[in-house]
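S.K.: missing the sequence, but the structure's below:
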């Protein structure tokens, strides 16, 4: 099964030395299944609130599991049909929580819930890899307010849409920029197109809250004005 460009970008951020990987809302579990196949963790846990999707996924995983019985390393998996915000982070050495395929505002709410529902010492072992479908500015502002630090960020152009892959943790002090100033390469026509697209989008939002959206527009313009 070939992963999309954005899921491939996330997959490349995950090395094979984790105890638990949480695959949350990530396109029918395709990413998590790829991680299982290459034994990227001792356990992969799939989480989504859509029951029909999770039932189908569990059937697929059962078939994959039969094929992996002959492998030396056979990671465990679990399917949870529940709100992502209610996941319980285990006491573990190394964990990755991947949340993709939802809007930035919802994604931020899920991260806020996870943080509220789990002890600080457990969250210190967690790396979040986040890929919202939109509202990345609000997500970045919220992540910064939560005290998370930036590990990496990148722009992915996939199927005529732009995505940002944002990797954060409580164990790093790098400040999260509201506009992702470390991910841009304006020698790339795609990156220049993405900047124009964002500015055009927020210009259309000015009638809803002019002071706020003008600040957003100015922040994105300053990426190339400096």
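M.R.: On my side now, so go ahead. Just so you know, these numbers come straight off a predicted model, no measurement behind them. Residues are numbered from 1 along each chain as shown.
S.K.: Which strand or helix spans the residue nearest the centre of the chain?
M.R.: The residue lying closest to the centre of the chain (Cα atoms, centre = their mean) is residue 130, at 1.7 Å. Taking DSSP states H and E as the criterion, residue 130 maps to strand 126-131.
S.K.: Off-centre distance for stretch 216-224?
M.R.: 24 Å (Cα atoms, centre = their mean, to the nearest Å).
S.K.: now swap in stretch 172-188 and tell me
M.R.: With Cα atoms, centre = their mean, you get 16 Å for stretch 172-188.
S.K.: End to end on that stretch, go ahead and measure it.
M.R.: 29 Å (Cα to Cα, to the nearest Å).
S.K.: List the buried residues in that stretch.
M.R.: For stretch 172-188, the neighbour count (16 or more other Cβ atoms under 10 Å) marks 176-180, 183-184 as buried. Glycine gets a C-beta too; all of them are placed from N, C-alpha and C.
S.K.: pLDDT (mean, whole number) over that stretch?
M.R.: Across stretch 172-188, the average pLDDT comes to 95.
S.K.: just stretch 156-168 next, same as before
M.R.: Stretch 156-168 comes out at a mean pLDDT of 97.
S.K.: So which residues make contact with it?
M.R.: Here stretch 156-168 makes contact (Cβ atoms under 8 Å, 6 or more residues apart in numbering) with 4-6, 9-10, 13, 127-133, 136, 139-140, 143, 148-155, 176, 180, 183, 190, 194, 197.
S.K.: In that stretch, which residues are buried?
M.R.: For stretch 156-168, by 16+ other Cβ under 10 Å, it's 156, 162-168.
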